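**Student:** Sharing a sequence plus its predicted fold:
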Amino acid sequence: MNFLKNIFPIVLLFLVQMVWAQPGNGGLETSEVEVIKEFEARLKDTEKLKVLPGLPPLDKTPRQLNYNVPTKTVPIEYPDPSLRPIALRRGKIEKGYKGFVKLGYGIPASPYGELGYNFGGGKEPYNLGIHVMHNSANFDKDFEHQRYSLTDALLKGTYYLEEGGMAVGGKLGFTSDAVHYFGYDQAGGVAGGDTSLTKEQVLQKFNTFQAGFNLFNGERNDMDVSYSAGVDFYNMTDNFSSSELGFDLNLTGTKWFNEKHPLSLTIRTDFTTYEDTVKQNLNNFFLQPNFTFHDDKFRFKVGVNLVSHDDEFDLLPDLEASFALLGARLAVFGGWKGDYVKNNFKNLSDYNPYIYTYEKLDIRNTRYNQYYGGVRGNLGVIEYNGQLGYKKAEDLALYLTDPTDLRRRFLTVYDTVDIFNIEGVLTARPFKNFELTGSLTQNIYDLKNQEKAWHLPNLEVNVSVAYKTLKDKLRLKGEIYVENGVPFLNDAGEADNLNGLFDVSVGADYQFAKNIGIFLNLNNLAGNKRQRWANYPTYGINVLGGITARF
C-alpha cells in the first residue's frame, strides 16, 4: 500500500506534462503551476469480512437414472470339465459268501441235498457258478411204487472281454427225473384179477442234457445299442426208447432312443425233432419287431409276431398300453398278444410226468390269441395287480387216461378252447419284516369238441405269509393252497370230477451261527391226498428238516 502512495503523484504529474506538451491540443496555454502541497492519495481502510465456511443443504429429491448399455455377444470357448472323484470314508463291508450247502432228511424217507458255489466275480473278468441238487422220496407204504427222484446239475459262466465291451456266456446241465406209474389198479386189476408190477416195469426216467452259448454286450456302448446272439441245445430221452432233440437260435438287437424308448428286433428259430417208432418234426421261425414309448404317465408298445410253421405264415399282434392315473398308486393297462407255444416231449412231460410217450405221443403247437386289461398299483403298504382276459387257444393240450394201458398212462388230446380268465395278486407289508401274498386264478373254458377241459384246473388260490425276527436270524413261513377238482373220464367213460386240494404248510429257518443254520418244513398238514391226475394221489403229511451252511 505504501508503494502505491508514493508512485501515484509522480505518474499523475507526468501525464499532465505530456498533455500540455502536445501541440494544437486545444488545452490550456502554457503557464506556471505552483505546487502548494504534495498530493497524497490514500485508500480508506476497509473492514475485513469474516466468512465462515459451511456445507450446502443436502438434495433429497429422488432421481431415476436410465442407462442404455448396448449388448454385445462375446464368444468364449470353455474347455471340457474334468471330473474328479471325491474321496469318501470307507465303510465296513461285510464279507460275502461264495457257496452254500443244504442237507436234510424227511418223513417218509426223503433225502435232500443241495450245493452251490460261485467262482470269480468282483475284480475278476469272469463269473462261474455251479449248482447241484438231489431230492427223492418213497411213499410206497400207502401205494406200491409211489416214489420219485430228481437230480439236477448246472454249470454256468460268463467271461467279460477287455476290448469292445463284449461278453460271452455258456452253460452245461444235466437233469434226471424219475417217476413211477403207480396208478394201475392195485386192488383187483383191470381184468378183475390181481395186478402186480415190478418197480422196473413202472419206472419212467427222463434224462435231459442241455448246453448253451451266447454273445452279448457286457457294457453300454456309444451307439446305445444292446445285442445278444445265443444258441440253446438239449437232448432228452426216457427209458421207453423215446428221444427228442431241441435247437433254439435267438438273435436280438435293441436300439435305445433318449435312453428310454427301445426299438427291438428278435429273430428266433425253434427246431424240435421227436422220435420213437416214427419221427416228428416241429419247427417254428419267429420274426418279432416292436417299439416301446415311455412317458411320465403313459407307456405304449406296438409290435408284431410273424411266425412261420410248415411253410405257412401267421401274423400275430404284440400290443400293450398302460396309463398311470394316480402315479404309482393306480395304473390301468391292456393288451392284445398272439403267440405259438410248443407241446413237445419236454414241455408235456414237465407238466404231466405220467404221459404215454412211446408210439402215442402227438406233438403240436398251441396258437394263442389273447386280449386282456386290468389295474395295478402300489399304495405303500399294499401292492396289487388284477386283470380280466379272453384267450382263444387252438390245439390246446388236454389229458385223458388210456383205458387200454395197464399202467394208466395219459394220452394227449387237442381241442380249440375259448378261455375267460380272471387273475389277481395282492401283496401286503403292514410292518417291517412281514409279508403277506395272495393270488387267485379263475378260468372258464368253452370247448369246441371235447365235453370238458380234461385235467385242467378252473380255480387256484394261494396265500403265503413270511416273517423275519430275532434280528433276521429266524424266518417263519406258512402257505395255504386251494385248487378245485379237475374233470376226468372215469372207468365207465363218463365225465366226473376228482377231489379238490386243500394244502396247509408251515416252515421255519433259523441262523443260529454266522455260517450255520437249520430248517424245518411241515407240508400238507391237512393230510389231503387229492388226485391231481386220475389214479395218482398226492403225498399226505410229509416233513423235511436239516442244516444249512454258507462259506
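**Tutor:** That came in fine, so what should we check first? Numbering: from 1, shown residues only.
**Student:** What segments of the stretch 251-400 of the chain are helices?
**Tutor:** 345-351 (DSSP state H, counting those that start in this stretch).
**Student:** Was I right to think R367 contacts E312?
**Tutor:** No: assessed by C-beta atoms under 8 Å, R367 is found out of contact with E312, at 11.2 Å. Where you see a C-beta, it was placed from the backbone N, CA and C, and this is true even at glycine.
**Student:** Tell me which of these two has more neighbours.
**Tutor:** R367 (19 against 7; other C-beta atoms under 10 Å).
**Student:** Show the pLDDT at G193.
**Tutor:** At G193, the predicted lDDT confidence score is 42.
**Student:** Please apply the same query to T175.
**Tutor:** Note for T175: predicted pLDDT of 98.
**Student:** Now do the same contact list for it.
**Tutor:** Counting by C-beta atoms under 8 Å, 6 or more residues apart in numbering, T175 makes contact with 150-153, 206-208, 210.
**Student:** could you flag which of the residues you listed are buried?
**Tutor:** Among the contacts of T175, those scoring as buried are 151-152, 206-208, 210 (criterion: 16 or more other C-beta atoms under 10 Å).
**Student:** Return the member of those nearest to R532.
**Tutor:** Nearest to R532, judged by C-beta to C-beta, of the buried ones among the contacts of T175 is F206 at 18.1 Å.
**Student:** What sits closest to that closest one if chain neighbours are left out?
**Tutor:** Excluding the flanking residues, the one nearest F206 by C-beta to C-beta, 6 or more residues apart in numbering is D177, at 4.6 Å.
**Student:** repeat for G246
**Tutor:** Y234 (4.7 Å).
**Student:** With Y372 instead?
**Tutor:** G389 (3.6 Å).
**Student:** contacting residues for the closest residue to V486 other than its chain neighbours?
**Tutor:** Distance criterion C-beta to C-beta, 6+ apart; nearest residue to V486, sequence neighbours excluded, is H455 at 4.9 Å. H455 makes contact with 352, 398-400, 410, 486-488, 532-534, according to C-beta under 8 Å, 6+ apart.
**Student:** which of these has the most neighbours?
**Tutor:** Neighbour-wise, those (other C-beta under 10 Å) top out at F410, 27 neighbours.
**Student:** Report the beta-bridge partners for that residue.
**Tutor:** Assessed by DSSP bridges, F410 has beta-bridge partners I355, T401.
**Student:** got a list of what it touches?
**Tutor:** Per C-beta under 8 Å, 6+ apart, neighbours of F410: 352, 354-356, 399-402, 455, 533.
**Student:** Return the residues in contact with K432.
**Tutor:** K432 makes no contacts at all, as judged by C-beta under 8 Å, 6+ apart.
**Student:** so where's the stretch 1-150 of the chain uncertain?
**Tutor:** 1-95 (pLDDT under 70).
**Student:** please redo it, this time with the cut-off set to 80
**Tutor:** 1-96, 122 (pLDDT under 80).
**Student:** Next, work out how far apart Q210 and V225 are.
**Tutor:** Look at Q210 and V225: by C-beta to C-beta, to the nearest Å, they are 29 Å apart.
**Student:** err, Y160, not the other one
**Tutor:** If you go by C-beta to C-beta, the gap between Y160 and V225 works out to 18 Å.
**Student:** related to what we said a few turns ago, so the residue nearest to V486 belongs to a strand, correct?
**Tutor:** No: with DSSP: H, G, I helix; E, B strand; the rest coil as the criterion, H455 is coil rather than part of a strand.
**Student:** in the sheet, who's paired with E479?
**Tutor:** S464, S505.
**Student:** Tell me which residues touch it, please.
**Tutor:** Counting by C-beta under 8 Å, 6+ apart, E479 has contacts 462-465, 503-506.
**Student:** Ok, Q370 next?
**Tutor:** Counting by C-beta under 8 Å, 6+ apart, the residues that Q370 touches are 335-338, 389-392.
**Student:** now do P262
**Tutor:** Neighbours of P262 in contact, by C-beta under 8 Å, 6+ apart: 254-256, 291-292.
**Student:** Out of those residues, which comes closest to L128?
**Tutor:** For the contacts of P262, the nearest to L128 is T254 (26.9 Å; C-beta to C-beta).
**Student:** what helix or strand does G517 sit in?
**Tutor:** strand 516-523 (DSSP states H and E).
**Student:** List the buried residues in that strand.
**Tutor:** Buried residues in strand 516-523 (16+ other C-beta under 10 Å): 517, 519, 521-523.
**Student:** Could you do stretch 103-119 as well?
**Tutor:** 104, 106, 108, 110-114, 116, 118.
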